[in-house]
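[1] Mind looking at a prediction? Sequence and model below.
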Amino acid sequence: MTKCMVCGDEFDPYYKAQRLCQSCLDKFTKRYWDWNAYRKQGYTRRPTCIVCDKPMMSGFSVCPDCRPIWEKIYYQIMRPRTLIQARNRMKRTRDKAVKAAFESRLRTGLDDDIAAARKVGLSYGAYMVRKKGLIR
Ligand SMILES: [Zn+2]
Ligand SMILES: [Zn+2]
């Protein structure tokens, strides 16, 4: 069990370095992306602090009191994305390697059979029928 660094609730971390409980993680992830969407519309300043919801007197998205914790929260909400991206990238590379190996095996296997069929003077189809008969 780990203590959430924002609300203090205990939770089971999903990955080792998780310091935010799932509900805080969801909350701040949503707030961050909402704020990002706002910024794209041309807003440069949040009316309230992204962390504590106090009205902003200075700064753009985080009040001075929350800046240190926001840095940690930001790291936490970006981390699952990088983890998932890394995992997907690894999976894609592995899938590609497996597929390539399978295809090359298929191709060489096919080439061998074609060559063997030619050698005994049969069509490829006839050769395969006979080969299957032999194997059985
Ligand atoms: Zn929490
Ligand atoms: Zn604040």
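    Sure, I can see it. Predicted model, so just to flag it, every value in this text is computed and none were measured. Numbering: from 1, shown residues only. Ligands and ions are numbered 1, 2, ... in the order given.

[2] how about stretch 59-70 against ligand 2, any contact?
    Yes - Stretch 59-70 reaches ligand 2 (C-beta under 5 Å from the ion) through 63, 66. No exception for glycine: its C-beta is placed from N, CA and C like everyone else's.

[3] tell me the secondary structure for the residue sitting furthest away from the middle of the chain?
    For the chain, the residue at maximal distance from the C-alpha centroid (C-alpha atoms, centre = their mean) is residue 121, at 53.0 Å. Secondary structure for residue 121, judged by DSSP: H, G, I helix; E, B strand; the rest coil, is coil.

[4] Give me the local confidence score for it.
    Residue 121 carries a pLDDT value of 84.

[5] cool, and residue 136?
    Reported pLDDT at residue 136 in the predicted model: 53.

[6] what's the answer for residue 57, then?
    We have a pLDDT of 84 for residue 57.

[7] contacting residues for it?
    Residues counted as contacts of residue 57 (C-beta atoms under 8 Å, 6 or more residues apart in numbering) are residue 63.

[8] Which of the helices or strands spans it?
    Counting by DSSP states H and E, no helix or strand carries residue 57.

[9] got the residues of the chain near ligand 2?
    With C-beta under 5 Å from the ion as the criterion, the chain meets ligand 2 at residues 49, 51-52, 63, 66.
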